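1. Need a 3D model of the sequence below.
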Amino acid sequence: MLRSFTTLAETLNLSRTVEILDSTRQTVRRHINILEELKGAQLFVIVDRHYQLTDAGRRSLREAQDILARGSAWLNNETGHIGGLYHIAKEDSDGWRFFLQQHPISEIWLGQNDLLKQGVKCWAEAEGVITHEAFDPVRDHLMVFRKSAEDWICTAVGSESSYATWYGKRWENSSIGRAVPSLPGGSPHAEKLSQPFEEVRANRGIRYDHVHTLMGRGEEAKPEPISFKRLLLGCRYPDDSFAMASLVVRSYDLQIKGLPQATIETMPESELMEAPPAPREQ
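-> Sure thing, here's the model as predicted:
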């Protein structure tokens, strides 16, 4: 039923949807009718014999896509939990990859990165208010998002943030107001952001992840390896609406189960935002 809904929402064409799903018109219509009954809202309207999403349909689409993506990842053993903390290990036949390991917040105090430590301290002193002056020492390193009815929207990009220094001024200046899927990296990374972002939005707390993936870069969006530590801070605007602040530090000092250190270090050393870790004693 979710595949019928998301595919029809993409194509807005029943014949094309039936072809993609190798299904029948009756089956797709039945699936949509059942979903509309369960959700208590109409998802599509037909105007001049063409399907259009209703407001309820648009609000439901991203979550339906996320559920499908998480279900597929679970079936393919790409996601799970290690020590109660979230883990993703995804590689496809085209060479794209995404690895994530959630870590306890306490590891920040045991590490050597002062920016991450300062980020937690600023968040606590500001009591989560993103406009508070207590955030000023790290503000230039933050990227901030607001949740709309349908997606996460970028509301601020710090000039010294990992995003700005990785993608450059052109994207730094043009990303404000964009939904996450329309930012560099597109929908594949948007899907992977969903679970961590929603967890922090639900508990209004903080979360610490290590991530290695490939991200398009430059005018031709050539994928390049990137390795980073990410601190997500559940914040709020003065009107008490939710704000998500992301503090990212590109690093080789990552621990992600199943990912070799050599792969982590495929990101060029020139892109590091902290000193490489000292060699471990044999």
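2. Just the buried residues of stretch 34-54, please?
-> Neighbour-count burial for stretch 34-54 flags Leu35, Glu36, Leu43, Phe44, Tyr51, Leu53 (criterion: 16 or more other C-beta atoms under 10 Å). Where C-beta positions appear, they are placed from N, C-alpha and C, glycine not excepted.
3. Over to stretch 109-129?
-> By neighbour count on 16+ other C-beta under 10 Å, the buried set for stretch 109-129 is Gly111, Asn113, Leu115, Leu116, Gly119, Val120, Cys122, Trp123, Ala126, Gly128, Val129.
4. gap between the residue positioned nearest the centre of the chain and Gly71?
-> Nearest to the mean C-alpha position of the chain, counting by C-alpha atoms, centre = their mean, stands Leu193 at 1.8 Å. Note on Leu193: its distance to Gly71, by C-beta to C-beta, to the nearest Å, is 17 Å.
5. How far away from the center of its chain is the lengthiest helix in the chain?
-> Longest helix in the chain, counting residues (DSSP state H): helix 55-75. Averaging C-alpha positions (C-alpha atoms, centre = their mean, to the nearest Å) puts helix 55-75 14 Å from its chain's average.
6. Show me what that helix is packed up against.
-> Packing partners of helix 55-75 (3 or more C-beta pairs under 8 Å, 6 or more residues apart in numbering; DSSP states H and E): helix 2-11, strand 79-82, helix 186-203.
7. Repeat the analysis, applying 7 Å as the threshold.
-> With contacts taken as 3 or more C-beta pairs under 7 Å, 6 or more residues apart in numbering; DSSP states H and E, helix 55-75 sits against helix 2-11, helix 186-203.
8. ok and the longest strand along the chain relative to helix 186-203, angle-wise?
-> For the chain, the longest strand by residue count, based on DSSP state E, is strand 222-236. On the basis of axes from the mean of the first three to the mean of the last three C-alpha atoms, to 10 degrees, strand 222-236 is oriented at 20 degrees to helix 186-203.
9. next SSE after strand 222-236?
-> Moving toward the C-terminus from strand 222-236, the next helix or strand (DSSP states H and E) is strand 242-250.
10. Walk me through which strands that next one pairs with, and which way each runs.
-> If you go by DSSP bridges, strand 242-250 pairs up with strand 142-147 (antiparallel), strand 222-236 (antiparallel).
11. For those strands, give me TSV that also has distance to Ile256 and mean neighbour count.
-> Output for the strands paired with strand 242-250, formatted as TSV (distance: least, C-beta to C-beta, whole Å; neighbours: other C-beta atoms under 10 Å):
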stretch	distance to Ile256	mean neighbour count
strand 142-147	22	20
strand 222-236	9	20
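12. mind putting the ones you listed in a markdown table, mean pLDDT and distance to Trp166 included?
-> A markdown table is the format used below for those (pLDDT from 0 to 100; distance: least, C-beta to C-beta, whole Å):
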| stretch | mean pLDDT | distance to Trp166 |
| --- | --- | --- |
| strand 142-147 | 94 | 11 |
| strand 222-236 | 94 | 7 |
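13. Need those strands in JSON lines (columns: distance to Met1).
-> JSON lines is the format used below for those (distance: least, C-beta to C-beta, whole Å):
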{"stretch": "strand 142-147", "distance to Met1": "25"}
{"stretch": "strand 222-236", "distance to Met1": "32"}
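14. Glu19: which of those is closest?
-> Nearest of the strands paired with strand 242-250 to Glu19, taken as C-beta to C-beta: strand 222-236 at 30.2 Å.
15. one step back: can I get the longest strand of the chain in CSV, CA atoms only?
-> Output of strand 222-236 as CSV, limited to C-alpha atoms (Å, rounded to 0.1, in the frame of the first residue of the first chain):
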residue,chain,number,x,y,z
LYS,A,222,31.3,14.5,-8.3
PRO,A,223,31.0,12.2,-5.2
GLU,A,224,33.9,12.4,-2.8
PRO,A,225,34.5,10.5,0.5
ILE,A,226,33.8,12.5,3.6
SER,A,227,34.2,11.3,7.3
PHE,A,228,32.9,13.4,10.2
LYS,A,229,31.6,13.6,13.7
ARG,A,230,28.2,15.1,14.1
LEU,A,231,26.5,16.6,17.2
LEU,A,232,22.8,17.3,16.9
LEU,A,233,21.4,19.8,19.3
GLY,A,234,17.6,20.0,20.0
CYS,A,235,17.0,23.7,20.2
ARG,A,236,14.1,26.2,20.1
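16. Please state the offset of it from the chain centre?
-> Mean-position distance between strand 222-236 and its chain equals 9 Å (C-alpha atoms, centre = their mean).
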